[in-house]
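A.B. asks: Fold the following for me, if possible:
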Amino acid sequence: MKLGAQSISLSVENLQDSKEFYEKLGFQILAGSKEQNYLIMKNENSLIGLFQGMFEANILTFNPGWDENGQNIDPFDDVRKIQKSLESEGIELDSKADESSDGPASIMLKDPDGNIILIDQHR
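C.D. replies: Prediction:
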């Protein structure tokens, strides 16, 4: 199973404070904006998403079809293929992609400790 780029999506209280903190750790803005209430920051191959007011808990995120620079990779496993594979393993999904669709879609699940995992395909 090819999950694509991996990042942690952090629910932050103050986007500017978090941005400044992670810049001190060597992260630079890759995508997003203050106006959109989120920033994707990068340090070498490490990605952190900072999201203000968008969700309550931190989320482990995977992006099928993208590398850590947000560039398309081929081949990749479509999120609907990943969904079928997870379901065949008996993994319960909290949200599912429409199997009759193609292109961008996402699924959500939790690990045994309740940590949220988002598999979010953008292409």
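
A.B. asks: Run a quick neighbour tally on Asn69.
C.D. replies: 12 (other C-beta atoms under 10 Å). For the C-beta atoms, the positions are set from N, CA and C on the backbone; glycine is no exception.

A.B. asks: Contact partners for it?
C.D. replies: Neighbour list for Asn69: 30, 42 [criterion: C-beta atoms under 8 Å, 6 or more residues apart in numbering].

A.B. asks: secondary structure element for the nearest residue to Phe27 once chain neighbours are set aside?
C.D. replies: Spatial nearest neighbour of Phe27, chain neighbours left out: Met41 (3.9 Å); criterion: C-beta to C-beta, 6 or more residues apart in numbering. Taking DSSP states H and E as the definition, Met41 sits inside strand 38-43.

A.B. asks: got it, and Gly49?
C.D. replies: Gly49 belongs to strand 46-52, assigned by DSSP H and E.

A.B. asks: wait, the residue nearest to Phe27 sits on Lys24?
C.D. replies: No - the criterion here is C-beta atoms under 8 Å, and Met41 misses it with Lys24 at 11.5 Å.

A.B. asks: The two: which has the busier surroundings?
C.D. replies: Taking other C-beta under 10 Å, Met41 and Lys24 do not tie; Met41 has more neighbours (23 against 8).

A.B. asks: Specify the beta-bridge partners of the more buried one.
C.D. replies: When assigned by DSSP bridges, Met41 has beta-bridge partners Ile29, Ile48.

A.B. asks: check contacts around it.
C.D. replies: By C-beta under 8 Å, 6+ apart, Met41 lies in contact with 19, 22-23, 27-30, 47-50.

A.B. asks: Buried only: go through these for me.
C.D. replies: 19, 22, 27, 30, 47-50 (16 or more other C-beta atoms under 10 Å).

A.B. asks: Pro104: which of the residues you listed is nearest?
C.D. replies: Set against Pro104, the nearest of the buried ones among the contacts of Met41 by C-beta to C-beta is Gly49 (16.6 Å).

A.B. asks: how close does the closest one sit to Gln36?
C.D. replies: 12 Å (C-beta to C-beta, to the nearest Å).
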